[in-house]
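Trainee: compute the structure for the input listed below.
(2 chains)
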Amino acid sequence: MSTSTHPDRVGEVIAASTTDFVAQCYELYQSPPLGSLVKTRDGSVELYGVVYNATTTSLEPGRRPIARGKDEASEEGIYRQSPQLMKLFRSEFSTLVVGHRQDDRLYHYLPPKPARIHGFVYLCPPAEVKDFSQSFDFLNILISNPLPISNDELVAAVLRQMSQAYEDQHDFLVAAARELAILLSGQLSQLKAILGRIRP
Amino acid sequence: MTERLGIVTSGSLEKGVEVKLDRPVSVEDMAVGRYVTVEGQKRRFFGMITDISLGVTDPRLAITPPDVSDDFIAEVLAGTATYGTLRVMPYLTIGGDAASMLEGPQPVKTVPSHFSVVNLASQRDVELVFGREDERRFYLGTPLDMETKICLNLEELVKRSNGVFGKSGTGKTFLTRILLIGMLQKSTAVNLLFDMHSEYGWAGSSEGGRVVKSLKQLFPSSVAVFTLDEESSRRRKVSTDFVVRIGYDEIEPEDVTLLRQTLNLTEPAVEAVYQLRRRLGKNWLQSTLDLRESEEAKELLRELNIHESTFQNLLRGLQTIGRLPFLVPQAPDNPVKSALDYLDRGINVVLEFGRYTDITAYVLVANLLTRRIHAQYRDRMERAMGEAGARPRPLVITIEEAHKFLNPEVSSQTIFGTIAREMRKYNVTLLVIDQRPSGIDSEVMSQMGTKIACLLDNERDIDSVLAGVSGKSELKSVLARLESRQQALIFGHALPMPVVIKTREYGSVRSYKELTSGEGPETKEQAEKDIEELWG
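Mentor: Here you go, the predicted model:
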C-alpha cells in the first residue's frame, strides 16, 4: 500500500452513513488531526467531513496487545524488535459530514447520499479550507450532532484547524466566534468553553 | 451621507420603536435628542433618539460577566451576545409616492415594520423637515452634532403665547435675545418687553462677565428703550427714549390684588381696596395714604366695615407701593400712550427696571401697563372687526419671572392669565420667561403654543413643561440630559416635531454681523466698523 498517487490522500472509507463516515488510514498512526477538513467523492458529488475521532486498534477484534517493552531502552526499540506489530494494528478516523459540493457549488448541509465504501479520503488543501469556511453554516451541524466527544471540543478543534489556512487568523476566529455567539445565545457556558479553546 | 445605525426590532406608536444597533456602531457614539430616519417598506419615518440601553441575549451573561480584559472575548461578544439598543420616537412620516412627496412630512399614525433600517438623519432630511432660512423662518441653532440650520417659523410662533424655560444660568436670556431679534426681523409682530434686569435693551453680560450687545445697539432704528430708573440708565450709558413715571391715580385695585402675596396682604385687606376705590374714586391710593388717625378716617372705616387691623395691614402694603420712586402723585406723561405710539410704528419697546429689580415693582408695572395696552388693543381689534378696518400690529409681551403673574392663585385675575388664555383673539400674545414653570398655572401652560426648554432638573418643572405632550416620558429623558448651556429642547406649534438645538452663537462680532444682516445698510456699516475697531 502506498500513498504516492496523491500526497493528500489519507485513507479509505470503510463505513458510511448519511451523517458520518469512517476511514482507515493507509499507514498506522497517520490519521489527520482532530478537526481537519477532509473530503471523499461519490460520483459527481464531493462530500466534506471533519475528523471528530481517531482510533488505533488490533486487527482482530477481541485480541488485546500485550506489553513488550520491559527489556527495551526505547519505545522505537519495541517496533524494531517486532516489525510485525505494524501490521497487526490499524488506525481509523471518523468524520462528521458537514457539507458537499455538486456542480461546482458548495452546500453547507448534508449530501443526498452517504459516502461510498472504499472511496478515497483526501485532506483538503488550505485553499479549499478557505473556500469552504467562507460560510459558517456548518457550525450548526457541529454543535447539534450527538458525538462521542464533546461538541465544544470539536468546534474548537475545527476552527483552530481552519484558522491555519488564513493569514489573519485573528480575524477569522473573531468572525467565527461571533457566529457562535449568535448560535449559542442561550448557552453561555458552552460559548465560554469554546471561546476559551480557540482564543488565539 | 447615510450612516446606518441598526434595525427596528419592536416597539409601539405610543412608546416609540426599539432599534438594535449594528455591531460596528458603538452605543457610546449615540446621544439622546439626535435625529434618525427609518426606512420603512412604504414610507420613511423621522424620529428622535429618546433612550439608549444595553442588552444581553443571555441574562446569565450579566450575572457572571466574561473576562473582558481578554480582547478576543470582548471583541466577539460586542454586538452579538451583548448589544446596544436605541429607543426612537417616530414623529413624522413621508410617503414614497409623488403625491405624498409634495405634501411633505406628516405626523405619524403608524410605526415602521419589523427590521426596517435605521439611519442617522442627513442634513437634507433635517432641512426637509424644518425648512430653510427664508423671509419667515429664522435660524435659531443647529441640531446636535450637525451643521444644518434649524429654522423656526416666527410668523407661526407669534400667533400663540410661548414660553422659554430653564434653570438659572442655562442661557434663557441669550436664547430670548436671539428669539427677539428673529421676531424683529422676520415677523410683523412688535415686542413689549419688561426687562427686569436691564439686559435686553442696551447691553447684557454673559456668565463669564463678558459684555454683549443687546437689541438697541444692534437695531437702533427699531428698538426704543424705556426706563423706570433714569439714573441707572444714565450710569450705564444707555440712550433711553422715555422715562416712565406712574401716577398714583393709575393704580387700580387689581394691581394690588396681584401683589397680595408679595405685599403679604390678607384677604380682607384686598377686599378693602375695592371698597376704598369705590368710595374714594380714581385717586383712592393718595387718599388712603392720607388717611390719618382722624375721627373722619375712623368714621369712614366703620362705614365701610373695615377692621382696624385689616386697614393697618393694607396701609403697610400700600406704603411699600407708595415708596417706589417711579410712582408720583401726578405723572407728567402717559407711558401707555407713549409705548403704544412706538409700537404702532413697529418699534419694539424694552422697559428697563434699573435698580428696581424687586418683584413688587416688576409685577406692579408690568401688570399696570399691560392691562392698559391690552385694553387699547381690544378696542382697536373690535373696531377693526366691526368696520373691517386695519387690525393693530400683532403684539408680543415678554415677561420674566412669569410664575409671579401666572401662578394658579392669581392667573385668573391678572391680565396675563387672560392674554394667555384668549390667545391671539386680540392680536396680543405672551412670551413667558421663567425658571420655575411648575409655579405657572397648568391651564396657562396648556395654552402655550411653542415651548423652549433649556436644562431643567426639578421633576415638577419638567412635568409641567411637558404636560400634555405626546411621548412625554421620552422627551423627559431628553430634557433632563440637556447640557447646561446653549442647548434647548423646542417643541410645539411652530415646529413639526420636537428638536434639541445648540443655540446659535451670540456675542461675537461675527454673530452680530450675521444677526443684523437682514437689516438695513446702516447696521451693516456699524458691524463693519466694529470689526475695524476690534482688529485696528
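Trainee: so B:T516 touches B:F219, yeah?
Mentor: Yes - using C-beta atoms under 8 Å, B:T516 makes contact with B:F219 at a distance of 7.0 Å. Heads up, the C-betas are built off the backbone N, CA and C, glycines and all.
Trainee: what segments of chain A are helices?
Mentor: Using DSSP state H, the helices found in chain A span residues A:75-81, A:85-88, A:126-132, A:139-144, A:151-163, A:169-183, A:188-198.
Trainee: thinking again about what came up before, which one's more surrounded, B:T516 and B:F219?
Mentor: It is B:F219, of B:T516 and B:F219, that has more neighbours when counted by other C-beta atoms under 10 Å in any protein chain shown, with 23 against 20.
Trainee: against B:N191, how distant is the more buried one?
Mentor: Going from B:F219 to B:N191 by C-beta to C-beta, to the nearest Å gives 11 Å.
Trainee: shared neighbours, those two?
Mentor: Listed as contacting both B:F219 and B:N191 by C-beta atoms under 8 Å, 6 or more residues apart in numbering or on different chains are B:L184.
Trainee: doesn't B:A420 lie inside a helix?
Mentor: Yes - judged by DSSP: H, G, I helix; E, B strand; the rest coil, B:A420 forms part of a helix.
Trainee: number of residues surrounding it?
Mentor: B:A420, neighbours per other C-beta under 10 Å, totals 27.
Trainee: for residue 135, report the pLDDT, please.
Mentor: Since no chain was named, I'll use chain A. Note for A:S135: predicted pLDDT of 91.
Trainee: actually chain B
Mentor: At B:E135, the predicted lDDT confidence score is 79.
Trainee: check whether A:L34 really touches A:A157, as I assumed.
Mentor: Yes - between A:L34 and A:A157 there is a contact at 4.6 Å, judged by C-beta under 8 Å.
Trainee: distance of A:G35 from chain B?
Mentor: The spacing between A:G35 and chain B, counted by C-beta to the nearest C-beta, to the nearest Å, is 19 Å.
Trainee: pLDDT wise, what is that residue at?
Mentor: For A:G35, the pLDDT comes out at 93.
Trainee: before we move on, what SS does B:G84 have?
Mentor: The local conformation at B:G84, judged by three-state DSSP, is strand.
Trainee: what is the burial count for it?
Mentor: Other residues near B:G84 number 23, with proximity taken as other C-beta under 10 Å.
Trainee: same question for B:Q330.
Mentor: 10.
Trainee: spit out the contact partners of it.
Mentor: Going by C-beta under 8 Å, 6+ apart, B:Q330 touches B:247-249.
Trainee: export these to TSV and append columns for distance to B:T82.
Mentor: As requested, these are arranged in TSV below (distance: C-beta to C-beta, whole Å):
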residue	distance to B:T82
B:G247	73
B:Y248	74
B:D249	75
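Trainee: between the residues you listed, which is closest to A:H170?
Mentor: Nearest to A:H170 among these is B:G247, at 86.9 Å by C-beta to C-beta.
Trainee: name the nearest residue to the closest one, ignoring sequence neighbours.
Mentor: Residue nearest to B:G247 in three dimensions, not counting chain neighbours: B:A331, with 3.6 Å by C-beta to C-beta, 6 or more residues apart in numbering or on different chains.
Trainee: can you count the residues close to the one you found?
Mentor: Neighbours of B:A331 (other C-beta under 10 Å): 16.
Trainee: hmm, it is touching B:K337, no?
Mentor: No - using C-beta under 8 Å, B:A331 is not in contact with B:K337, being 10.9 Å away.
Trainee: ranges for the helices of the stretch 401-536 of chain B?
Mentor: Secondary structure of the stretch 401-536 of chain B (DSSP state H, counting those that start in this stretch): helices located at B:403-406, B:415-422, B:442-447, B:459-466, B:472-480, B:509-516, B:521-535.
Trainee: which of these sits most buried?
Mentor: Ranked by mean neighbour count, these are led by helix B:403-406 with a mean of 26 (mean count of other C-beta atoms under 10 Å in any protein chain shown).
Trainee: report all helices and strands that that helix contacts.
Mentor: helix B:359-387, helix B:415-422 (3 or more C-beta pairs under 8 Å, 6 or more residues apart in numbering or on different chains; DSSP states H and E).
Trainee: what's the closest of those to chain A?
Mentor: helix B:415-422 (55.1 Å; C-beta to the nearest C-beta).
Trainee: so how far is the closest one off the chain centroid?
Mentor: 16 Å (C-alpha atoms, centre = their mean, to the nearest Å).
Trainee: in contact with the residue nearest the centre of chain A, which residues?
Mentor: By C-alpha atoms, centre = their mean, chain A has its centre lying nearest to A:V51, at 1.4 Å. By C-beta under 8 Å, 6+ apart, the residues touching A:V51 are A:31-36, A:38, A:93-95.
Trainee: for B:L364, grab the count of nearby residues.
Mentor: B:L364 sits with 24 neighbouring residues when counted by other C-beta under 10 Å.
Trainee: can you classify the closest residue to it other than its chain neighbours by secondary structure?
Mentor: Take B:L364 and drop its neighbours on the chain: the residue closest to it by C-beta to C-beta, 6+ apart is B:D255, 5.7 Å away. Put simply, B:D255 is helix when judged by three-state DSSP.
Trainee: roughly how far apart are B:D255 and chain A?
Mentor: For B:D255, the distance to chain A (C-beta to the nearest C-beta) stands at 70 Å.
Trainee: could I get the contacting residues of that residue?
Mentor: Contacts for B:D255 (C-beta under 8 Å, 6+ apart) come out as B:364, B:367-368.
Trainee: repeat that for B:A74.
Mentor: B:66, B:68.
Trainee: same check on A:S58?
Mentor: A:64-65, A:88-89.
Trainee: who in chain A is up against chain B?
Mentor: A:170, A:173-174, A:177-178, A:180-182, A:185-188, A:191-192, A:195, A:199-200 (C-beta under 8 Å from any C-beta of the partner chain).
Trainee: where does the stretch 301-450 of chain B dip in pLDDT?
Mentor: For the stretch 301-450 of chain B, the stretches with pLDDT under 70 are B:388-389, B:423-424.
Trainee: quick check: residues of it near chain A?
Mentor: Taking C-beta under 8 Å from any C-beta as the criterion, the stretch 301-450 of chain B has no contact residues with chain A.
Trainee: stretch B:284-300 - what's its average pLDDT?
Mentor: 75.
Trainee: ok so the residue nearest to B:G247 is a strand residue?
Mentor: No - B:A331 is assigned coil when assessed by three-state DSSP, not a strand.
Trainee: before we move on, the earlier item: could I get the helices of the stretch 401-536 of chain B in JSON lines, plus columns for distance to B:L184?
Mentor: What follows is the helices of the stretch 401-536 of chain B, written out as JSON lines (distance: least, C-beta to C-beta, whole Å):
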{"stretch": "helix B:403-406", "distance to B:L184": "24"}
{"stretch": "helix B:415-422", "distance to B:L184": "20"}
{"stretch": "helix B:442-447", "distance to B:L184": "24"}
{"stretch": "helix B:459-466", "distance to B:L184": "26"}
{"stretch": "helix B:472-480", "distance to B:L184": "28"}
{"stretch": "helix B:509-516", "distance to B:L184": "10"}
{"stretch": "helix B:521-535", "distance to B:L184": "11"}
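Trainee: tabulate the contacts of A:S58 (CSV), appending pLDDT and distance to A:L106.
Mentor: Output for the contacts of A:S58, formatted as CSV (pLDDT from 0 to 100; distance: C-beta to C-beta, whole Å):
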residue, pLDDT, distance to A:L106
A:R64, 86, 43
A:P65, 87, 42
A:L88, 88, 41
A:F89, 90, 36
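Trainee: quick one: the helix or strand of chain A with the lowest mean pLDDT to chain centroid distance?
Mentor: Here the helix or strand of chain A ranked lowest by mean pLDDT, DSSP states H and E is helix A:85-88, holding a mean of 86. Computed by C-alpha atoms, centre = their mean, the chain-centroid distance of helix A:85-88 equals 24 Å.
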